[in-house]
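using only what follows, build the 3D model:
(8 chains)
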Number of protein chains: 8
Amino acid sequence: MQKLSRRTRVLTIAATAAVLGAGTFGAVSATAGTPDAATKAAVTKAAVTADAGNKNLTQSTHLTVAAATKAAQATLDAAKKENQRVSVAVVDRNGNTIVELRGDGAGPQSPESAVKKAYTAVSWNAPTSELTKRLEQAPTLKDIPGTLFLAGGAPVTAKGAPVAGIGVAGAPSGDLDEKFAKAGVAALNR
Amino acid sequence: MQKLSRRTRVLTIAATAAVLGAGTFGAVSATAGTPDAATKAAVTKAAVTADAGNKNLTQSTHLTVAAATKAAQATLDAAKKENQRVSVAVVDRNGNTIVELRGDGAGPQSPESAVKKAYTAVSWNAPTSELTKRLEQAPTLKDIPGTLFLAGGAPVTAKGAPVAGIGVAGAPSGDLDEKFAKAGVAALNR
Amino acid sequence: MQKLSRRTRVLTIAATAAVLGAGTFGAVSATAGTPDAATKAAVTKAAVTADAGNKNLTQSTHLTVAAATKAAQATLDAAKKENQRVSVAVVDRNGNTIVELRGDGAGPQSPESAVKKAYTAVSWNAPTSELTKRLEQAPTLKDIPGTLFLAGGAPVTAKGAPVAGIGVAGAPSGDLDEKFAKAGVAALNR
Amino acid sequence: MQKLSRRTRVLTIAATAAVLGAGTFGAVSATAGTPDAATKAAVTKAAVTADAGNKNLTQSTHLTVAAATKAAQATLDAAKKENQRVSVAVVDRNGNTIVELRGDGAGPQSPESAVKKAYTAVSWNAPTSELTKRLEQAPTLKDIPGTLFLAGGAPVTAKGAPVAGIGVAGAPSGDLDEKFAKAGVAALNR
Amino acid sequence: MQKLSRRTRVLTIAATAAVLGAGTFGAVSATAGTPDAATKAAVTKAAVTADAGNKNLTQSTHLTVAAATKAAQATLDAAKKENQRVSVAVVDRNGNTIVELRGDGAGPQSPESAVKKAYTAVSWNAPTSELTKRLEQAPTLKDIPGTLFLAGGAPVTAKGAPVAGIGVAGAPSGDLDEKFAKAGVAALNR
Amino acid sequence: MQKLSRRTRVLTIAATAAVLGAGTFGAVSATAGTPDAATKAAVTKAAVTADAGNKNLTQSTHLTVAAATKAAQATLDAAKKENQRVSVAVVDRNGNTIVELRGDGAGPQSPESAVKKAYTAVSWNAPTSELTKRLEQAPTLKDIPGTLFLAGGAPVTAKGAPVAGIGVAGAPSGDLDEKFAKAGVAALNR
Amino acid sequence: MQKLSRRTRVLTIAATAAVLGAGTFGAVSATAGTPDAATKAAVTKAAVTADAGNKNLTQSTHLTVAAATKAAQATLDAAKKENQRVSVAVVDRNGNTIVELRGDGAGPQSPESAVKKAYTAVSWNAPTSELTKRLEQAPTLKDIPGTLFLAGGAPVTAKGAPVAGIGVAGAPSGDLDEKFAKAGVAALNR
Amino acid sequence: MQKLSRRTRVLTIAATAAVLGAGTFGAVSATAGTPDAATKAAVTKAAVTADAGNKNLTQSTHLTVAAATKAAQATLDAAKKENQRVSVAVVDRNGNTIVELRGDGAGPQSPESAVKKAYTAVSWNAPTSELTKRLEQAPTLKDIPGTLFLAGGAPVTAKGAPVAGIGVAGAPSGDLDEKFAKAGVAALNR
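Take a look at the predicted model:
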């Protein structure tokens, strides 16, 4: 048990530095001082804590399907306001798709792209627009199965650790896709 | 064009016999006199009509993503009332998944099962509990890719023709799953 | 070369017994005296002959894409006459799909089913309605990848050997599907 | 209902600007003043309109299988005139393959390449030769599943919105492939 | 929040009836009075509880990788004592594989079989030997993707709810495989 | 190390009872007194022995590619003598395909069937005709990925333990396929 | 029929220019004056000729399995002479694998790489070392499914048209792999 | 037999030059004089030796599952010391996964990435950080199925030949991943 408690302590300390506020959801800010370092550090945390009652158990944190659906619908609403046709997906930290909505008239490539962007954002706890920049240093990152390094994905965090990713595809640019994804994240705080 | 108009005429006549009411959604009734014959007949219709303006075009009818999401959420609500943990999917007549929701705590097998039940229901325009009975006559029907012949799927029709399927999985029995799926269909009429 | 010539001779003799007429296409007759034995024998032949000019080469016979498209369209026409919505596929003796047509309003399961029925028919050189009966003796035949043991597939032969399969799916019964597939085969003789 | 009508109105206005003529099919012109902007704008439209009769329904526009086959055959004819051996595919706006023809003697890679080019053209409503240029800005676009960013695909539009893509593969260059694909599009206006 | 608390309360009550003892791991007993009903009831519970701090979050319970590895090694040890060569897998409630060990000299089919048995056991919270009996009532259960209805899988529960499955394959009989799987479960209580 | 040596000793004793002769290859005899028990026992052995020099290592035994090719060619020769067109595969104990030959004019389903029969034979160290009988007791055995429970596969053993499987497909009956597979096994003793 | 004969005539003329000699097998020479143009031209030919007897039929030319095996074994022998451990595959013009040999001790990635190199060589009728150069002009060629643009594949031609590809993988460089592949091609002329 | 003995002799000589010491495990040193040449040479060796007793047999060397698990656990321990959450896999020289451990809280992309890195390291007998450099010369190496050219994989050798690969993924950089992988290799010498 000692090892586990030590890890838990370290996690708490790290969280104090990076956390966005208790109970706050948000995409990792793209305006932070040293975003790359910050998101990298954040990756080392994860929403898993040791179960006090049983040394064999650990807990992972997920969005409820109700919350994930609310976020996905807010994403579609944001796109509709700009007359864009997109699909949206919410993927949890284990890589499982929680919600997938194929938008009316969205391109056929959009649902799977949305899933992969969400998967990528939650895997590295950063917006996919940020992650795409990392390909300059490590171009083969994009060969990792399940990923898509294209703007349009945003992480959802709880106490600074990633609990889900929201991915959007179908708008004319990835930046627009990502704007809608972040609108979905923001809806979780309402 | 003559051939197409003839087909349209035949369709209209058939629709008169089987239609559930203009603008009405519903699972194909399981209490009809000769349900098997009825559902088989219904399969020969489909929500495709010739485009008056251009002989090369045809239209297909879909649920909007908003309607499909409303139905899926009603499905989850119905399950929650009975303390069941399920996943739900809505698949259109082209076989594409419009909505997929992985319910909180639902078994890992449930999302893909839900998709396949929805796919099966919309393919044959009948509840999967009915379709499973057809395996007595044609046991290899279940080998058709993408299908799952297990209770829990219900078709959504427009003017008697299938436009979507709702599939549910995760409850202790397929009959329960299908009850929730039909609650989703019913929500479309509210 | 001696071995090859011997095989060629045997083939010619077998062909004399089973051939349906030079240049004639047709589904293997379901009314022949001992159809099962006949179709089994036919399987041992195949449209491959040694290239006279080079001992390393062999030839295989295929429908032209023009012929295969003609057959597929005749299939759809036959279905349309009976107000059925189906998909159709033509698969060659090597297992490659030559033509695939997704019929207007046909169920989403129909294109892949059609391919698999065509594949099955050309693999065993018999209508899939016949092949399905063999499952009584060997039920695991249906576990062979790529196959679907469901009525709706018909072989196309040249000099008694299989050169293609036509598969149809989407009608309310496999017998109807197969009727349309045979209409496609028949069109090759026009 | 209000939201939907508003969207419909916007669509109509946009269509007025970009439409190629009522009932006209065509590849998006590569000679237009600012093609890239134009095709991007076109993507925001899609052949989906709200069903007047039922607020839960929407319609999507497809080529009939007869029209798609006619286009595919015209494609093969154009290739044959130049002694090229190609395969051709027609994919609808939902991403489903409507027609696939494997040309006589075409390379084994050609059928699947044709499907992917068609899929890519209809997804972004632009010829794949144009789309390939976008990789300079967003190189990971090509990692989207189902796509192939290689010349040879052309979109089919109805009232400016994409309803299908025609993809061709097998000629010595992608430009030749695309020339044949456009011949297929052109055949729809005859 | 009210709905969620109600669900939590129901869960607690059900847990009181079925729980095997706080902090106790175990395969669902095959000797219980009415095992089938019991395991079915257990399925309606799951190791997910609402996060007190944030209404959008829920927690899921997992074995630590250390615990899962300990169980898997105990499984292999049990097999080795009986001179059996097997593979073992531990799958969590979300369907993700936590541990997979390919035993020395185990058959090539054993690793994937082990994963599927573990997946099946955790999906329905019952040993796969029990689940196989359900095929008499619902033979198409076995067509659900990811499952294998063959003895050799055992669930791991926490407070009566499934948190993992252990699957074993490679011994001459499924009963032997399952004996080793249960030895793995038992090791979690040491 | 003690545990490993004990296992090795047990293996040697078991081998004394079942071995077909040092350096002898053969399909497990179908005429042995209690073949089912015998083959089941054989499964518990495997061609893996501890490396004397290093406790972390173990060895596995394989056919050389030269030997496997010789066996496969003997298989095709045996089929040709009876005017049968088949494909053949040799799979090693790890499940990897060593040799795959697609026979001239063999049906398109034959190569993959041959691989799966070979895989099945080496997994359980018995001819697939024997294994198919086990489905009466355990019908879901056939759902194990990679397998095909259809006559036509024969194991290759070294000192009684399975080192490879030879699978054949394409003849009118599985018994014929298996006859040719055994001719391939026999060629290894020449 | 006229169109077909015209095509045949054109083919014959083209063949006169490029053919390597009647009945001669060979990799397309890498030392020819303008190899790129030559290989591109060669692609427009293919080993398909109209069947004189029936307008619906066409023939394709294949290596016999005996010839393909001979070539593959010669490939392995050439590698063994240089102490290299490789795998080899022979793929026909339809894309089907005829022979696959996994060399003793060859890397696990080698069998599938060999198949893909063979597939690539026969698809474009050129050595893969040449084809890799084309990526400078069209980098997305390598995204075509089934291909691998890496040295090690060589085409087999009959009368200048591609009938098969031989692919090799596992040596320290692609050039070595391709040297062995060409040794396999050369063995066909012995 | 003569050929085989010659090959064995050559191997022995080569081993004398490159071997790291009998019974020693280790990642190929990155500090050796000419590492690239050295690792390339090492690839030509492999842990396969002719079976003295039977000319048809060859042996391959594997880590026992106990050793592989020990290495994997040491890997996770090394990561935990640095508060990193990773997954780890051990793949044998045949490409089969022996051990896969999904670390607590590791990203969802990590298990499959770990498998692919391990696969890549054992295929070319070099750390993946070294192999990634080879992409400068041969960028399409990374298109070989099953591979991932990203730092984090390390080979395990026996007498200089590769017997396994250890792959790690999930840390913020590939260099960290590879450091942990090498800690796993080092544990095999304890």
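
give me the mean pLDDT for the biggest strand by length in chain A.
Longest strand of chain A, by residue count under DSSP state E: strand A:161-169. Mean per-residue pLDDT for strand A:161-169: 97.

my read: A:K117 touches A:P155, true?
No: between A:K117 and A:P155 there is no contact under C-beta atoms under 8 Å: 10.8 Å. Placement of C-beta: from N, CA and C, glycine included.

mutual contacts of these two, please.
Common contact partners of A:K117 and A:P155 (C-beta atoms under 8 Å, 6 or more residues apart in numbering or on different chains): A:G165.

list the beta-bridge partners for the residue nearest the centre of chain A.
Against the mean C-alpha coordinate of chain A, by C-alpha atoms, centre = their mean, the closest residue is A:P155 at 1.9 Å. For A:P155, the beta-bridge partners under DSSP bridges are A:G165.

can you show me the helices along chain A?
With DSSP state H as the criterion, chain A has helices at A:2-18, A:35-43, A:65-81, A:110-124, A:128-134, A:174-187.

least confident of the ones you listed, on average?
helix A:2-18 (a mean of 30).

show me chain A divided up by domain.
A:6-53, A:65-187 (automatic domain parsing).

redo the ones you listed as TSV? Include distance to H:P139.
What follows is those, written out as TSV (distance: least, C-beta to C-beta, whole Å):
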stretch	distance to H:P139
domain A:6-53	26
domain A:65-187	9
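
tally of neighbours for A:S173?
Around A:S173 sit 14 other residues, with neighbours defined as other C-beta atoms under 10 Å in any protein chain shown.

and it, how far from D:P127?
Distance of A:S173 to D:P127, given as C-beta to C-beta, to the nearest Å: 19 Å.

now do A:S113
20 Å.

neighbour count for these two, which is higher?
Taking neighbours as other C-beta under 10 Å, A:S113 and D:P127 compare with A:S113 leading, 32 against 27.

who's in contact with the closest residue to the more buried one other than its chain neighbours?
Nearest residue to A:S113 in three dimensions, chain neighbours excluded: A:A169, at 3.5 Å (C-beta to C-beta, 6 or more residues apart in numbering or on different chains). Counting by C-beta under 8 Å, 6+ apart, A:A169 touches A:86-87, A:106-107, A:109-111, A:113-114, A:117, A:152, A:177, D:144.

repeat that for 7 Å
A:V86, A:S87, A:Q109, A:S110, A:S113, A:A114, A:K117, A:G152, A:D177 (C-beta atoms under 7 Å, 6 or more residues apart in numbering or on different chains).

could you do A:F180 as well?
So A:F180 contacts A:T75, A:A78, A:A79, A:V86, A:V168 (C-beta under 7 Å, 6+ apart).

next: A:A78.
By C-beta under 7 Å, 6+ apart, A:A78 lies in contact with A:F180, A:A183.

repeat that for A:V156.
When contacts are counted by C-beta under 7 Å, 6+ apart, A:V156 is found next to A:F25, A:L63, A:V163, A:A164, A:G165, A:I166, A:V185, A:L188.

please report the distance of it from G:S129.
48 Å.

same deal with A:V163?
Counting by C-beta to C-beta, the gap from A:V163 to G:S129 is 49 Å.

okay, these two: which has more neighbours?
It is A:V163, of A:V163 and G:S129, that has more neighbours when counted by other C-beta under 10 Å, with 24 against 21.

wouldn't the more buried one be in contact with A:R93 here?
Yes: at 5.5 Å, A:V163 counts as touching A:R93 under the criterion of C-beta atoms under 7 Å.

in chain A, which residue sits nearest chain B?
Closest contact between chain A and chain B, by C-beta to the nearest C-beta, is at A:E100 (4.3 Å).

contacts only, for that residue.
A:A89, A:P111, A:V115, B:T97, B:E100.

just list whatever residues bridge to the first one.
In this structure, A:A89 has beta-bridge partners A:E100, A:G167, where bridges are defined by DSSP bridges.

measure it to A:I166 for me?
A:A89 is 7 Å from A:I166, by C-beta to C-beta.

more crowded one of the two?
For A:A89 versus A:I166, the count of surrounding residues by other C-beta under 10 Å is larger for A:I166: 35 against 31.

the more buried one contacts A:A118, doesn't it?
Yes: with contact defined as C-beta under 7 Å, A:I166 reaches A:A118; the gap is 5.6 Å.

which residues are in contact with each of the two?
Counting by C-beta under 7 Å, 6+ apart, the residues touching both A:I166 and A:A118 are A:V90, A:G153.

A:V65 contacts B:G105, correct?
No: contact criterion C-beta under 7 Å: A:V65 and B:G105 do not qualify, at 9.5 Å.

list the contacts for A:V122?
A:V91, A:R93, A:P155, A:P162, A:A164, A:G165.

do the same with A:A74
A:A183, A:G184, A:A187.

what sits closest to it if chain neighbours are left out?
Nearest residue to A:A74, sequence neighbours excluded (C-beta to C-beta, 6+ apart): A:A187, at 3.4 Å.

that older thread, how about the contacts of A:V122 in TSV, adding distance to D:K133?
Converted to TSV, the contacts of A:V122 look like this (distance: C-beta to C-beta, whole Å):
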residue	distance to D:K133
A:V91	31
A:R93	37
A:P155	31
A:P162	35
A:A164	35
A:G165	30
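
for those residues, which one is nearest chain H?
Nearest member of the contacts of A:V122 to chain H, counting by C-beta to the nearest C-beta, is A:R93, at 6.7 Å.

ok, the closest one to chain D distance?
Distance, A:R93 to chain D, using C-beta to the nearest C-beta, to the nearest Å: 22 Å.

do you know the pLDDT at that residue?
A:R93 is given a pLDDT of 97.

right, and it touches A:G165 too?
No: contact criterion C-beta under 7 Å: A:R93 and A:G165 do not qualify, at 8.4 Å.

related to what we said a few turns ago, nearest to D:A71 among the contacts of A:A169?
D:A71 lies nearest to A:Q109 out of those, by C-beta to C-beta, at 21.6 Å.

from E:A158, how far off is the residue nearest to A:S113?
38 Å.

give me the phi and psi angles of the closest residue to chain D within chain A.
Residue of chain A nearest chain D, by C-beta to the nearest C-beta: A:P108 (2.7 Å). Here is the backbone geometry of A:P108 (degrees, to the nearest 10): phi -70, psi -20.

circling back: of the contacts of A:A169, closest to B:T69?
A:S87 (12.4 Å).

nearest residue to that closest one in space, please, no chain neighbours.
In space, A:S87 is closest to A:S110, 3.8 Å off (C-beta to C-beta, 6+ apart).

burial check on that neighbour, number of neighbours?
27.
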